[in-house]
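# Predicted model and sequence below, questions to follow.
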Amino acid sequence: MPETWRTNEILLSFNVGIGFTLTFLGFDMKNFIEEGIIHSIAEQFPGRLDPHAGYYGLGISYASFTLATLISPVVVQYMGSRMSLFLSSCIFTAYMAGFIVLNTWVYYAISIAMGIACGVIWTAQGVYISQFTSKKNAVRNSGIVWSVNCLSFVFGAIMLFAFFSITDNLVLTETVVTYVFGGFIASCILGNIAFLLLPTQTPQHGKDLSVASCLSKNFHVMTDRRMQILTIPFIYLGVYTSHVLGIFPTCMLFSEKLRSTVGNQLTAYYGLVIGIGEILAGFAISFYSKKTKGEKLIPLVIIAVPMHVLSYVLTYLCFHKNSKFEITDEPAYFDTTLWVSLVIAFLIALGDICWNTVRGAYLTTYFTNDQSQVFAMSKFFQSIGSCATYLVGKYIDLHDQLIINIVLTFLSAGAYYVVIKEDERKREAEREAEEREQKQNQAASTGVVCRLRFLEVMWRENELVLSYVLGTAFTLMLLGFDMKNFIEEGLIHSIAEQFPGRMDPHAGYIGLGINYAFFTVATLFSPAIVGYLGSRLSLFFCSIVLVGYMVGFMVLNTWIYYAISAFMGVACGVMWTAQGVYMSQYTTRENVLRNSGIFWAITCVSFLIGGIMLFVLFSFTDNSIFTESVVRCIFGLFVITGSLGSLGFLVLPTQRKPYSKEFSIISCINKNFEIMGDRRMQLVTITFLYLGVQTSYFLGIYPTCMLFTEQLRSSVGNQIIGCYGVVIGVGEILVGFVITFYCQKTNGGRLFPIVIAGLITHMLAYGLTYLSFHKNSKFEVISDPAHVPTSLWLSMIIAFLLAAGDNCWNTVRGAYLTHTFTQHKGQVFAMSKFFQSIASCVTYLVGKYIDLHGQLLLNTVLAILASASLYLLIKDEEGEQKKAAKLARSANPKVLAMNGASRRLLTWMPLIGKNLTETRGNAYRASIGKISRAQYLKRYQATIMRPDGSTVVARFAEPRHLVQLPVDLQSLSEDERRQRLAARKPKSRKIVEEVIDDNFDLDEYSTLWDKKA
């Protein structure tokens, strides 16, 4: 391929896309209105057309398409890809002319011809693109061709809109059909000319043009394991293409509500939205390809899956199951509106271009031989899917069709994941082999002198300050969110009463359920986001989302509430992972409990400040109703505090990123579930679930119970929420500083006493709540008495106990994860929030079915189970530590325990001696003088045993201090010293290659040695 074509790849991609735009303009728009045309002609001219001919004709078209794909490589090889495109587009022109004189037999005949033309044109397109596309630009060029191609939807929609705006919107008369398809014929002729003007590419095919050899090559291609797996997404492409171009537009036209209000212009709107969505997504993919050098396809699959699944779910809910067969006015689960239909169309478009780009880019990149056969077979299976969909269409209602589509969506994503990861692993292995060879060559010439840099001592000395700063930023950011949880249900009830129809009075629990559902999903890929952006920037961007969330409450209605709840869930999933990672980056093991306690105590100042704000506001307003002015005043203040919190995150110092190589969402999710194979994570999952349930309880359920208790409502009003927030804040802060004091007195502190304290305080709180609140007080305003009279003071005592226990549980969670899991900290914190959010989501979603007493019983059982699981984990860890300490004090000269000084590592290198006692000439020189050899051995040297049983001897230095080589090497020159090291200690190079990286952690190696010992 001449170099000229490589430099003009973008121009050629646009040219091909424009040719397809003009050719397919009529074909795509025809698919939207085909069933409506046939029904209209059948009604106006009885006997001329079978009213159900639409599905049969499309089935025949795709059947001939299927057969044509088998021989299309011969046609493309004989005529060349450019002439194949031109002649196929001429058949498109004739196809459009056939609709002007339509009857049953003409329709079936042109459907057969059209199927053959499609089989050839798509094979020719794939071959033509592959002839001018370089490997690195495959994703970009495929995205450009497909997005420009989809301009046909925009132009076609404008044409239909113009026609239908001046004609009867309900009936497609013969005159309207003539005008419409006359315009399509003109467009196809321009497409014919565009293909004819394309430059001829150099053919890459052999000399054999026989049909038999072509069929043989087709089936030979299918012996490739990758092609066998990819048949699933190829079939799915056919099924959903039939849905997009035929079934869903027909459902809209047959929905009486849309038909009567919008008429045939609905199809124009649909085509316009499809086109805009495809074009925007196409250029976004091109930009993404430029940033990733065209190497990452799995993220496109990950985007396509939720887009299509969500579109299918919305279609299931908003369209009656018989709407694909006949005009129906029967109601669906939700009302069908124009805007919902167009949202579905936009989601379909986004997913469609992702699937097609992945298909084109993968086949172009990974199949360099027999490309005609590869593209032909992809279209062969796609046409099988489309043909089957249309032929059995009259026997499967819409809802069954959608279920089939959803199943195929997930199967297709799995198939792409398998083949793409397999190819990426091969490429990664080749790349690593090259890098390994380069490192070996470099080590042979330069010797082994390696340095490993950890966090500077400054961060260790300022752990306390960082904990205060991080906690303060969270205080400002979460102030509005925490207070909002206290008043959310009451606020929604007030809006529903003042503005009927604006808010569902029960939207509160549903919205919180949506929030936690998205939170749950976001935690799975949050480590990838934190790894890519860094923990500090992740916190900052999440705080911006939270500010937007507060703004949404100023203009609240049901749908805005659900939308901002979803966004907030995603932000929370990333934010809490980023917080855990950031804290683990600056926290040392001996201070982990202290720092966690301080952070949580400072963070909970938000309850205190927010409670005071609410108390003051409600003291000057009506105590029983949240008016619109009060809501705007409250959330205006929350927007200000959230903005200050965002600035606080920007002030934080940047910590090193915890992930050095890979940020893919798939690998992140894989690591998440790999971590769950650890027995410790499996046990501590019970604690995470309890944290989710109790968080939902004390932030949402208990405040609602207070607001719905008539005795408190009449005497205190909404000010009780202000009091509750103040008490919660005071309780969290006091307990946080008590835990800090406990850590100072016990040299780091033990975790289990804090677990016991959290269990006791929560048991007392649940018991008092059971006695003093009616079981229905979480659902409605109630004046029925409980077992014990409810009072403000008793409610505040319960609040204090809830706050004390909450601080204990969260401190233990943070300290245990930071202390125990030294690697993959992002995944560990993400999984903790994953299970916590699952529990919170379930608590809110089933909240309307479980009364207060049932909720308290559930909380009690989970608290006991969580305490038991933590007891087992902490006891196991303490036993391992005692065993390791005993072994370190033994007479084994090869192992020395590493103390605090040795963990301040700046530089290390392998020593020459066999073990510590035989190493000669060890000397430690510092800027302040000398220390004895015994002190040096005790404080700054250790043998680390690796998991495979081999050892590496390392020596450790304080920052800014020098470490000398053994005496027998000091007299040598630098080059001679490097050569001697390389010759006498060849295994050191291997150890260095395996150990030296950004994630190397002495604590981890100590733990591995403990297990080995």
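Right, received. Where do you want to start?

# mind listing what's buried in stretch 38-52?
Ile38, His39, Ser40, Ile41, Ala42, Leu49 (16 or more other Cβ atoms under 10 Å). C-beta coordinates here come from the backbone N, C-alpha and C atoms, glycine included.

# Render the CA-only coordinates of that stretch in PDB, please.
What follows is stretch 38-52, C-alpha atoms only, in PDB (Å, rounded to 0.1, in the frame of the first residue of the first chain):
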ATOM      1  CA  ILE A  38     -47.200  -1.700   4.100                       C
ATOM      2  CA  HIS A  39     -50.200  -1.300   6.500                       C
ATOM      3  CA  SER A  40     -51.200   2.000   4.900                       C
ATOM      4  CA  ILE A  41     -51.200   0.500   1.400                       C
ATOM      5  CA  ALA A  42     -53.000  -2.600   2.500                       C
ATOM      6  CA  GLU A  43     -55.700  -0.500   4.100                       C
ATOM      7  CA  GLN A  44     -56.100   1.900   1.100                       C
ATOM      8  CA  PHE A  45     -55.800  -0.800  -1.600                       C
ATOM      9  CA  PRO A  46     -57.100  -4.200  -0.300                       C
ATOM     10  CA  GLY A  47     -55.500  -7.100  -2.000                       C
ATOM     11  CA  ARG A  48     -52.400  -5.200  -3.300                       C
ATOM     12  CA  LEU A  49     -50.200  -6.000  -0.300                       C
ATOM     13  CA  ASP A  50     -50.300  -8.500   2.500                       C
ATOM     14  CA  PRO A  51     -50.500  -6.400   5.700                       C
ATOM     15  CA  HIS A  52     -47.900  -8.700   7.300                       C
END
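
# Can you give the domain ranges for this structure?
3-427, 467-653+661-879, 901-1012 (automatic domain parsing).

# Quick one: closest of the ones you listed to Arg436.
Of all these, it is domain 901-1012 that lies closest to Arg436, at 7.7 Å by Cβ to Cβ.

# average pLDDT for the closest one?
Mean pLDDT, domain 901-1012: 40.

# Could you do stretch 766-778 as well?
Mean predicted lDDT for stretch 766-778 stands at 86.

# now do the same end-to-end measure for it.
14 Å (Cα to Cα, to the nearest Å).

# and stretch 595-606, how far from the chain's centre?
Centroid separation for stretch 595-606 versus its chain: 29 Å, with Cα atoms, centre = their mean, to the nearest Å.

# same deal with stretch 319-329?
35 Å.

# Need the contact partners of it.
Outside stretch 319-329, the residues that touch it by Cβ atoms under 8 Å, 6 or more residues apart in numbering are 247, 250-251, 254-257, 259, 330-332, 336, 393-394, 397-401.

# mind redoing it with 10 Å?
The list of residues contacting stretch 319-329 from outside it, by Cβ atoms under 10 Å, 6 or more residues apart in numbering, reads 35-36, 39, 51-52, 55, 243, 246-248, 250-260, 315, 330-334, 336, 340-341, 344, 393-394, 396-402.

# and Thr769, how far is that from Ala528?
Per Cβ to Cβ, to the nearest Å, Thr769 is found 40 Å from Ala528.

# same for the longest helix along the chain, what does it pack against?
Scanning the chain for the longest helix, with DSSP state H as the assignment, gives helix 398-446. Secondary-structure packing of helix 398-446 (3 or more Cβ pairs under 10 Å, 6 or more residues apart in numbering; DSSP states H and E): helix 225-242, helix 248-253, helix 298-318, helix 338-366, helix 371-391, helix 665-675, helix 974-984, helix 987-995.

# rewinding a little: let me have the buried residues of stretch 38-52 in JSON lines, adding pLDDT and secondary structure as columns.
Shown next, in JSON lines, are these (pLDDT from 0 to 100; DSSP: H, G, I helix; E, B strand; the rest coil):
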{"residue": "Ile38", "pLDDT": "79", "secondary structure": "helix"}
{"residue": "His39", "pLDDT": "76", "secondary structure": "helix"}
{"residue": "Ser40", "pLDDT": "78", "secondary structure": "helix"}
{"residue": "Ile41", "pLDDT": "80", "secondary structure": "helix"}
{"residue": "Ala42", "pLDDT": "79", "secondary structure": "helix"}
{"residue": "Leu49", "pLDDT": "79", "secondary structure": "coil"}
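
# Let me know the closest of these to Ala839.
The closest of these to Ala839 turns out to be His39 (Cβ to Cβ; 51.7 Å).

# Disregarding flanking residues, what is the spatial nearest neighbour of the closest one?
Spatially, and ignoring its direct neighbours in sequence, His39 is nearest to Pro51 (5.6 Å; Cβ to Cβ, 6 or more residues apart in numbering).

# can you confirm the one you found is in a helix?
No: read with DSSP: H, G, I helix; E, B strand; the rest coil, Pro51 is coil and lies in no helix.

# quick one: it and Ile38 touch, right?
Yes: at 6.5 Å, Pro51 and Ile38 qualify as touching, with contact defined as Cβ atoms under 10 Å.

# Name the next helix or strand downstream of the helix or strand containing Gln827, please.
When elements are assigned from DSSP states H and E, Gln827 belongs to helix 825-845. Where DSSP H and E defines the elements, the next helix or strand beyond helix 825-845 is helix 852-888.

# Report the buried residues of that following helix.
By 16+ other Cβ under 10 Å, the buried positions in helix 852-888 come out as 852-853, 855-856, 858-860, 862-863, 866-867, 869-870, 873-874, 884, 888.

# tell me what that helix is packed against?
helix 679-696, helix 702-707, helix 752-772, helix 792-820, helix 825-845, helix 1002-1012.

# what is the mean pLDDT for it?
For helix 852-888, the mean pLDDT works out to 79.

# lowest-confidence stretch among the domains of the chain?
If you rank the domains of the chain by mean pLDDT, domain 901-1012 sits at the bottom with a mean of 40.

# measure the nearest residue in space to Gly182 that is not next to it in sequence to Ile185 for me?
Ranked by Cβ to Cβ, 6+ apart and with sequence neighbours excluded, the top spatial neighbour of Gly182 is Ile100, at 7.3 Å. Separation of Ile100 from Ile185 (Cβ to Cβ): 8 Å.

# Next: Gly471.
From Gly471 over to Ile185 the distance is 70 Å, taken as Cβ to Cβ.

# out of those two, which sits in the busier spot?
When Gly471 and Ile185 are compared for neighbours, Gly471 comes out ahead with 23 against 17, by other Cβ atoms under 10 Å.

# Helix or strand: which one has that one?
Gly471 belongs to helix 463-498 when assigned by DSSP H and E.

# Could you list every helix and strand in contact with that helix?
helix 507-533, helix 535-552, helix 558-586, helix 592-603, helix 605-619, helix 628-651, helix 702-707, helix 719-745.

# Make a markdown table out of those helices and add distance to Val309.
Output for the helices and strands packed on helix 463-498, formatted as a markdown table (distance: least, Cβ to Cβ, whole Å):
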| stretch | distance to Val309 |
| --- | --- |
| helix 507-533 | 12 |
| helix 535-552 | 23 |
| helix 558-586 | 15 |
| helix 592-603 | 36 |
| helix 605-619 | 36 |
| helix 628-651 | 32 |
| helix 702-707 | 33 |
| helix 719-745 | 39 |
